[in-house]
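Trainee: Please find the sequence and the predicted model below.
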Amino acid sequence: MAATLTQRCWAAPPGVKLNPTPQTQTRNPKPKSVALPLSANSTCSLFSFTPPSPTFTKSSSSVRTAVAAVESDQLSSAEKKPSKYYFVVANAKFMLDEEEHFQEQLFERLRLFKERNNEQDFWLVIEPKFLDKFPDITRRLGRPAVALVSTNGPWITFMKLRLDRVLSESFEAESLEEALACSPTNIEFKKPDKWVAPYPKYESEWWGPFLPPGSKEEAHV
């Protein structure tokens, strides 16, 4: 309910003499609390008013600079984090010459990636250098060896179940070149004297499209 100040509110109490003071004009006077004296018979209440203090906020440019610095640090840490690669590996004879459906599965996956404009994330690596990190695997592995390497862990798990006679593991590398590094190896398979299967024999060097860039010449295939 709004209070209305009338002339009664400004009456001086008995025995109190009010001395009027001259009003002077000042520029930007300092804010003060104002108390209003009231007469004893007044129905108004004593009240005071203090102007609010000014508040200050940080500059928006400073906030943007701080946010940009945090995001830059996060990007830098993400760039330094090594990538994880998954693989299945077996001897080259099994992977490239004996396994009946391996070639079909790789070409079908490559076709699917091209239709969807997906970047290829799987490769065949002949005598991969990362095998030096897995002595337990190399002891059980016929040479030369061939690994199917991918950044897609669930798909490698599927291929392990599909191929069956392979070994599987994972590792980290700073770059794709490091992950797919291989040793120069000559791959040759003898043609069977008699082919009785209803489907044609694998053609030599069918694995070329799946080798890492530049490794075909190194592997002498």
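Mentor: Done, it's in. Numbers count the residues shown, from 1 in each chain.

Trainee: From now on I want contacts and neighbour counts done on CA atoms only, so please keep to that.
Mentor: Fine.

Trainee: Can you give me the buried ones in the host helix or strand of Q105?
Mentor: Assessed by DSSP states H and E, Q105 sits inside helix 102-115. Buried positions in helix 102-115, judged by neighbour count with 16 or more other CA atoms under 10 Å: 102-103, 106, 110.

Trainee: okay if I get the residues you listed as JSON lines plus distance to D132 and pLDDT?
Mentor: Formatted as JSON lines, these follow (distance: CA to CA, whole Å; pLDDT from 0 to 100):
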{"residue": "F102", "distance to D132": "25", "pLDDT": "92"}
{"residue": "Q103", "distance to D132": "27", "pLDDT": "91"}
{"residue": "L106", "distance to D132": "26", "pLDDT": "96"}
{"residue": "L110", "distance to D132": "29", "pLDDT": "95"}
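
Trainee: now those as JSON lines including distance to L96?
Mentor: Listed next are the buried residues of helix 102-115 as JSON lines, based on distance: CA to CA, whole Å:
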{"residue": "F102", "distance to L96": "8"}
{"residue": "Q103", "distance to L96": "8"}
{"residue": "L106", "distance to L96": "11"}
{"residue": "L110", "distance to L96": "17"}
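
Trainee: Just the closest of those residues to E188, please.
Mentor: Using CA to CA, Q103 comes nearest to E188 of the buried residues of helix 102-115, at 16.8 Å.

Trainee: Contacts only, for the closest one.
Mentor: Contact partners of Q103, counting by CA atoms under 8 Å, 6 or more residues apart in numbering, are 96, 202, 206-207.

Trainee: do that again at 7 Å, thanks
Mentor: Going by CA atoms under 7 Å, 6 or more residues apart in numbering, Q103 touches no other residue.

Trainee: got the residue ranges for the strands in the protein?
Mentor: 34-35, 48-49, 83-91, 122-126, 145-150, 167-173 (DSSP state E).

Trainee: most tightly surrounded among the ones you listed?
Mentor: Looking across those with neighbours counted as mean count of other CA atoms under 10 Å, the highest average goes to strand 122-126: a mean of 25.

Trainee: Helices along the chain, start to end?
Mentor: 60-80, 92-93, 102-115, 135-138, 153-163, 176-179, 215-219 (DSSP state H).

Trainee: mean pLDDT lowest for which of the ones you listed?
Mentor: Of all the helices of the chain, mean pLDDT reaches its minimum on helix 215-219 (a mean of 49).

Trainee: now the strands of the chain in a markdown table, with mean pLDDT?
Mentor: Shown next, in a markdown table, are the strands of the chain (pLDDT from 0 to 100):
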| stretch | mean pLDDT |
| --- | --- |
| strand 34-35 | 50 |
| strand 48-49 | 50 |
| strand 83-91 | 97 |
| strand 122-126 | 96 |
| strand 145-150 | 97 |
| strand 167-173 | 97 |
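
Trainee: Output these in a markdown table; the columns should cover distance to K194.
Mentor: Compiled in a markdown table, the strands of the chain are given as follows (distance: least, CA to CA, whole Å):
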| stretch | distance to K194 |
| --- | --- |
| strand 34-35 | 113 |
| strand 48-49 | 108 |
| strand 83-91 | 23 |
| strand 122-126 | 27 |
| strand 145-150 | 26 |
| strand 167-173 | 30 |
